[in-house]
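Student: I would like to see how this sequence folds:
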Amino acid sequence: MKKYIMILIALFMISCDNDNGYSENVKAVKKVVSAFELGDVEIWKEAVSENLVYSPPMYGTAENSGNYDSALAQAEFYINNFENIKFNNPVYLPGVDTVSLKNNGSVRVYGTWTGTSKSTGREFSNRAYHWFEVEDGKITNAGDFFDATGMVAAVGPVQRNVIVVTVDLKKGKYDDLQKLFESDAGLKTTRNYEGCNHVEGFFNEESSKYVVIQHWDSFEEYNAYADWRFNEDPSGLVGKMLPLISGGADGISIYSNNTGYGFY
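Tutor: Here you go, the predicted structure:
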């Protein structure tokens, strides 16, 4: 019996030696999870180092391209815009050193996030994988893997208020128009106008037509923007555009009050 007790003690001591801080580090990770579930960004701040190096999940973002401020902004977005957030069936596992293949104290976790959009009432379910490195009780390095873009699109409004604007350009005037659109007074101002959610634009060389697609909270808010842009805009953007357009103002077509929007 004494022999078995000694073996158990030895195994326990070995497991403690191999823990490498994991049992404490996982507490910081669970704290971050609770911040989302409780809707309290202050809990998130308590668990995350201001020197955080972060790898975000969004399409096109590079590894380690994020920091504390960008990660905080992302956390605030989810906490402020979603409710009933739950991390379901989490599986917490120790991270492994890629050379020694031993527990290095880092934490990885698999699970499924669920919740509801506050603005649309639509629910989401998103499988995810996260990894974390922790020092002195604070997360210093982290990365997320889940379909963030698809999740936001899935909970978006059933009906979007889409505005399509086409501009018939004179030959050889694309670069001049693009400079106007990329200036501070251009499409950035449109995107930042109250009620505008999204702006994208492109040029079709065959037809010499520039297309701008805009998403708005309401067509009334777009109408208020259009009135300002055409009549009150101190930058005079429209006036600068007209010499570049075939037919002047007649070369601008605006398609508003659209219905039957679908996202496929």
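Student: what residues are up against E205?
Tutor: Y174 (C-beta atoms under 8 Å, 6 or more residues apart in numbering). Quick note: C-beta positions are derived from backbone N, CA and C, even for glycine.
Student: Can you tell me how far it is from K173?
Tutor: Distance from E205 to K173, counting by C-beta to C-beta, to the nearest Å: 12 Å.
Student: where's the closest residue in space to V167 that isn't next to it in sequence, which helix or strand?
Tutor: Nearest residue to V167, sequence neighbours excluded (C-beta to C-beta, 6 or more residues apart in numbering): Y210, at 4.3 Å. Element membership for Y210, per DSSP states H and E: strand 209-216.
Student: helices or strands next to the next helix or strand after that strand in the packing?
Tutor: Of the helices and strands lying after strand 209-216 in sequence (DSSP H and E), the nearest is helix 219-231. Applying 3 or more C-beta pairs under 8 Å, 6 or more residues apart in numbering; DSSP states H and E, we find helix 219-231 packed against strand 161-168, strand 196-204, strand 209-216, helix 237-241.
Student: Show me which residues of helix 219-231 are buried.
Tutor: Under the neighbour-count criterion of 16 or more other C-beta atoms under 10 Å, helix 219-231 has 219, 222, 225-226, 229 buried.
Student: on that earlier part again, how about the helices and strands packed on helix 219-231, which one is nearest G260?
Tutor: Closest to G260 of the helices and strands packed on helix 219-231, according to C-beta to C-beta: strand 161-168, at 10.1 Å.
Student: Comparing the helices and strands packed on helix 219-231, which yields the minimum mean pLDDT?
Tutor: Of all those, the minimum mean pLDDT falls on strand 196-204 (a mean of 93).
Student: mind checking how far that one is from the chain centre?
Tutor: 18 Å (C-alpha atoms, centre = their mean, to the nearest Å).
Student: Just the CA coordinates for it, please, in PDB.
Tutor: C-alpha atoms of strand 196-204 as PDB (Å, rounded to 0.1, in the frame of the first residue of the first chain):
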ATOM      1  CA  CYS A 196     -24.300  55.100 -43.700                       C
ATOM      2  CA  ASN A 197     -23.000  51.600 -42.900                       C
ATOM      3  CA  HIS A 198     -21.000  50.600 -45.900                       C
ATOM      4  CA  VAL A 199     -19.600  52.100 -49.200                       C
ATOM      5  CA  GLU A 200     -17.800  50.300 -52.000                       C
ATOM      6  CA  GLY A 201     -16.900  51.500 -55.500                       C
ATOM      7  CA  PHE A 202     -15.400  50.200 -58.800                       C
ATOM      8  CA  PHE A 203     -14.800  51.300 -62.400                       C
ATOM      9  CA  ASN A 204     -15.900  49.400 -65.500                       C
END
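Student: Good, we can wrap up now.
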